[in-house]
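Novice: Give me coordinates for this.
(chains A and B)
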Amino acid sequence: MKKIRDLASFNEAREAGLEKLLPAVPRIAVGMGTCGAGNGAESVFHAFSDSIEQRGVSVQLARTGCFGFCAAEPLVNVWIPGKPLVILQKVRPDDAPAILDHIAAGRIPADLALCRIDEWDHITAHVKFGTGFEEIPLWNEVPFFRGQKKIVLRNCGLINPDDIEEFLAVGGYQALYKALIDSNPAAVIEAIQAARLRGRGGAGFQTGAKWEFLRRAKAEPKYLICNADEGDPGAYMNRNEIEGDPHSLIEGMLIGAFVTGASEGIIYVRAEYPLAVHRLRTAIQQAEEWGLLGEDILGRGFRFHLSLVEGAGAFVCGEETALIRSLEGRAGRPTPRPPYPADSGLYGKPTNINNVETWFNIAPIVLKGPAWFLETGSPKSPGTKVFSLVGKVVNTGLVEMPLGTPLKTFVYDVGGGAPLGRAVKAVQTGGPSGGCIPSDMFDTPVDYESLAQLGSIMGSGGMVVMDEDNCMVDVARYFVEFTHSESCGKCIPCRVGLDKSLHYLSRITHGKGTEEDLKTLDELSRMIRDASLCGLGQTAPNPVLTTMRHFLHEFEDHIRARRCRAGVCEELALSPCENSCPLHMNIPRYLQLLKEDRLEDAFVSVVLDNPLPASTGRVCQHPCDNRCRRAGLDEAVNMREVHRYIADSIYPAPQFEELAARVASLRKPATGKRCAVVGAGPTGLACAYYLALLGHEVMVYDSNPDAGGMLRHALPDYRLPKDVLDREIELIRRVGVQFTFNTRVQEEITLNDLDAQFDAVFLAIGTWKENWVYLPGTELKGVMPALPFLEAVSKGEPTALGRKVVVIGGGNAAIDSARTALRLGSDVTIVYRRERKDMPAIHEEVEAAEAEGAKIVFLASPHRIIGDESGRVKALEAVKTRLGEYDASGRRRPMPTDEIVRVPCDTVILAVGEAVDLDFAKASGLKIKENGLIEVDRYTLATSRPKFYAGGDLITGASNVSNAMGYGKKAARNIDRMLTGEERWTSLWPEFVYDMTVPAHPGASRRHRVREADPLERAKDFREATYGLTTVEAMEEACRCLRCDVRNGD
Amino acid sequence: MTSALLPGEKPAPGPLTADEQDYLDRLIVRHRGRPGMLLNILEEIQENQPKKYLPLDYLEYLSSRTGIPGAQIFSVATFYALFNLKPQGRHTVCICRGTACHTRGSKALLDRLKLLLGVSEGEDGGSADKLAATTPDGEFTIRTVACFGQCALAPVVEVDHQILGHVNERVLEREVEAVRKGARS
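Specialist: Model prediction:
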């Protein structure tokens, strides 16, 4: 019999295990946790086993648990004697033969290698694998693992969980042996208390204190329970811990049983985790066979029986009293405490319940002592915690970090930020009992107290990352829907309160909420929190309270503007593209009208939604592309180019006259109200157009001699030919908009004059000041700001541009300046301090500039401009930067290095951002915000002065054309409501009748892109650089629309 | 503590066959007196049923043989999401409604699946996150689960006990078609 009775037999088993772990032949171990299996690890294992058998090679093949990097599964460990252990990632079954070839030659396939491990600290033992393969990074050099400390996961992914000998080889059951030999239970409990180990299930109660209660309890038998009913959606560390290292759980429980005097143990594990159940059964059986469970354990006269109960899918059973009721054969309804389980638990006997991960921490503390444990983590929360980092993050997986690590380390350094370059909005911690923490609070250290301060909790360690596509109201509703359905129904605050909460939240997500609802929801949440019987009810309002605290504006958007910016709440949007469009164009409608070959109707549809479609069709940042559902099948529909096609087909054509008349005929009867618009840029034009259509008399003032603002004076001709813009403005005139040019408001005409003459005033002056960077040398001849440069070129005025030009910046103005300078015959270098992906400019524009010959120096921060004797620019010096910590925008902050680059040049164009003329805002007498911009009501755009509204750059700072126009449109709607006291907005649109069916089986199809002129040819002059879609292409593009605007039942 | 178990005399012959009675008796003996006994027995009964549910006759017999009141057994059978009181479809498609899956669009998958199989409501007609509905022909059961703990693969769908990760509408449609045609069984 192999029962371990003494040190000799213990050591014998360890040796046997070591021979398996570090055999004389190469060892391949496939990560076979559920996550690995879900990624195809099973077939990888069989591929290896077949290949090994076929070749008859001497290689040991084993299964192991999960090493934590789920995004890189299936992981395969390869060990060649004397060499480091190498972990291969994303291994496919057909990789197996090649891997075996490499191993036979003593090599590692470099393309699959994730990292190497020279030696490993199992905490309970130290294993040296070997040296070599230095070209492969060490495991903790890989960003995902950097900063991780594996105490709980010490064995996961490294040993075979089904083999007790391998567990013994890495120091397993040594702590138990020590505790039994020392035979001093009080000392063990003292050590646990001194280590300040806190319960890892969420509440964070001191484990040592709980054990002491049980030890002192008098009745027999005493029960020990492991809570493995991991019910938090978004958390799965307990599953991996059990699947990867079941014996560590058993050992922890054995030590706990010995020191508290418990004789019966129960592991209550989720039935949804079949593999964990299977591994545990095997482990329990092995432990029994080896004399580590049952009677007379390790020959020390200690008895402990351990059994397994599968939980049947009730979240509330995570609550200890509910779990106990469940074990007693009842519905899992909690009971009031006291009595606490330590006094009266299972069948009324003294009982202690700890979470899986708590048990995993026991053996290390017993072996290494509390002082060692206190070295890691924060003073109040020592040790590590395993987190499941999931949701909108590139590197998903299980992360074991010292407690107190800041959130941003998890999200950005380990997680790599959100996929597709999206901005991270929040992290949800603690599951349905926790809360959402906004990205500007990512400096928060992750420990019990800090999270509680923000209204969240640590919980079992789920971390779900949310990006800009997630709606926080929907998230709150989701969690309440969950807790509502999981509520056991025993107490009224939880049962009825959550039902009502769900009702109010649903109303808000359907766009039917009121501001009163918000107050009710807040009051209700506090009541549920304070009055519920158990933890489920007491914490269920956390997701609501935290989202209302940190994301109140999203709730207000749903209620006041009936908008869900993230585009999640379907009832609030026509379609994802419409929702993302700042102008809220009915995109599916014009696509369908074009598809039906009704070009004129499509034009009317477009121009009623957007008075400058030919311009936006060329220069819009097209947020719709990121939202198009078609992207899930192949590629997004090219909506921007289709509306450009529609506009370009009509404006220069003979039908223009007729269609302009048709649009003008939609103008409502004159109201007799007079409106002034200050600024003839896109914001002002949009507002004026709609006010005119609504029947008001409109006068637009501008200091320039013509309309168009930035469209005319900042956008180079090769992007937007001015004859196109002229036609658009002509249509705006046709609906009745009048202009007064060459007039500067506040100089030639005052706001008081406007107040006296008009019934409403809309202020929409743009961004006309270039930000000035304070670099040594900016006073030199040849340094110029971007906007005045672009304006001068557009007006045909002379500029002092030299032959060698450096442009500083990475936004659209920088790229426009660069491409303009190229066309004037200069040699151009762009210097930008961050990485390419951080550039705010439209991506296609950056590529076009490069194709035309512009050079870009990334990661270089301008340091000084050097001049010659005559005071002219001679060169730019920039400090090379490396990427440092992540800032609040989720981009890595450029940090200076010692390296300096010098770019010889005679001209420096500064394009580091535009600023609003703050003098205007200041002199206006209107209430301004801290940053100097005019303060308006977010929903009506009304300023502090009656009758005065403001929009565009004046209230947001520099923005882009479509956003600016969106403000103009919104202002017109609100001004009209103010002037007429009615909501007349939607009546502007005539009824369009068109097909409302969804394409049945959309086949795969390619997105049509615009053709570009040859880069080197086009860079010679200012002719337009791209050609629009052809008729056939535009039509095909329209046919690709999936018609998200058509609802079931329509 | 658990009450009187297997009293000496057999109950009056009910609708169960002698084999079924014998099976249940053995099951009871195996688990009696252990914590979690009722859960374990019910789980095993359901697992061994071809249609994965708890027949009422079984529950009544269980009550008469263990002395556990029928109301308590029924309470347990209806409280836990795992237990079914109605026969389940030949195939099961289970959509995870965990947080990670939700943020990655599992609601849309559920809506699509319901449309695909022609199921309009959960059988309890209630909240969407505890759905268990079977098509009239008994071929498919659509279920939701609170979380599979496969969050790194989100969104996750389980088709006949096989986990599929990173599922989109197209993949879901293809898998359901494959099951329908018997390409996988």
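
Novice: helices or strands next to the longest helix along chain B in the packing?
Specialist: Assignment by DSSP state H gives helix B:18-31 as the longest helix of chain B. Packing partners of helix B:18-31 (3 or more CB pairs under 8 Å, 6 or more residues apart in numbering or on different chains; DSSP states H and E): helix B:37-48, helix B:56-66. Glycine gets a C-beta too; all of them are placed from N, C-alpha and C.

Novice: show me what contacts A:Asp609?
Specialist: Going by CB atoms under 8 Å, 6 or more residues apart in numbering or on different chains, A:Asp609 touches A:Leu583, A:His584, A:Met585, A:Asn586, A:Tyr590.

Novice: export these to a markdown table and tack on secondary structure, distance to chain B and neighbour count?
Specialist: Shown next, in a markdown table, are the contacts of A:Asp609 (DSSP: H, G, I helix; E, B strand; the rest coil; distance: CB to the nearest CB, whole Å; neighbours: other CB atoms under 10 Å in any protein chain shown):
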| residue | secondary structure | distance to chain B | neighbour count |
| --- | --- | --- | --- |
| A:Leu583 | coil | 26 | 24 |
| A:His584 | coil | 22 | 18 |
| A:Met585 | coil | 23 | 23 |
| A:Asn586 | coil | 22 | 23 |
| A:Tyr590 | helix | 25 | 30 |
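
Novice: Identify the residue nearest A:Pro576 in space, chain neighbours excluded?
Specialist: Ranked by CB to CB, 6 or more residues apart in numbering or on different chains and with sequence neighbours excluded, the top spatial neighbour of A:Pro576 is A:Arg627, at 4.0 Å.

Novice: Likewise for A:Thr376?
Specialist: Counting by CB to CB, 6+ apart, A:Thr376 lies nearest to A:Pro402, which is 4.8 Å off, once chain neighbours are set aside.

Novice: go on, A:Thr778?
Specialist: Nearest residue to A:Thr778 in three dimensions, chain neighbours excluded: A:Ile865, at 6.4 Å (CB to CB, 6+ apart).

Novice: ok, the helix or strand hosting the one you found: who's next to it in the sheet?
Specialist: Taking DSSP states H and E as the criterion, A:Ile865 maps to strand A:860-867. Strand pairing for strand A:860-867, determined by DSSP bridges: strand A:873-886 (antiparallel).

Novice: got the CA coordinates for the strand it pairs with in PDB?
Specialist: Written as PDB, here are the backbone C-alpha positions of strand A:873-886 (Å, rounded to 0.1, in the frame of the first residue of the first chain):
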ATOM      1  CA  VAL A 873      15.200  78.800 -38.600                       C
ATOM      2  CA  LYS A 874      18.100  76.300 -39.200                       C
ATOM      3  CA  ALA A 875      16.900  73.100 -37.500                       C
ATOM      4  CA  LEU A 876      14.500  71.500 -35.000                       C
ATOM      5  CA  GLU A 877      15.800  69.500 -32.100                       C
ATOM      6  CA  ALA A 878      13.600  66.900 -30.600                       C
ATOM      7  CA  VAL A 879      14.100  64.600 -27.700                       C
ATOM      8  CA  LYS A 880      13.300  61.000 -28.500                       C
ATOM      9  CA  THR A 881      10.700  59.700 -26.100                       C
ATOM     10  CA  ARG A 882       9.900  56.200 -24.900                       C
ATOM     11  CA  LEU A 883       6.400  55.200 -23.800                       C
ATOM     12  CA  GLY A 884       5.900  55.500 -20.000                       C
ATOM     13  CA  GLU A 885       2.900  55.000 -17.900                       C
ATOM     14  CA  TYR A 886      -0.700  55.200 -19.100                       C
END
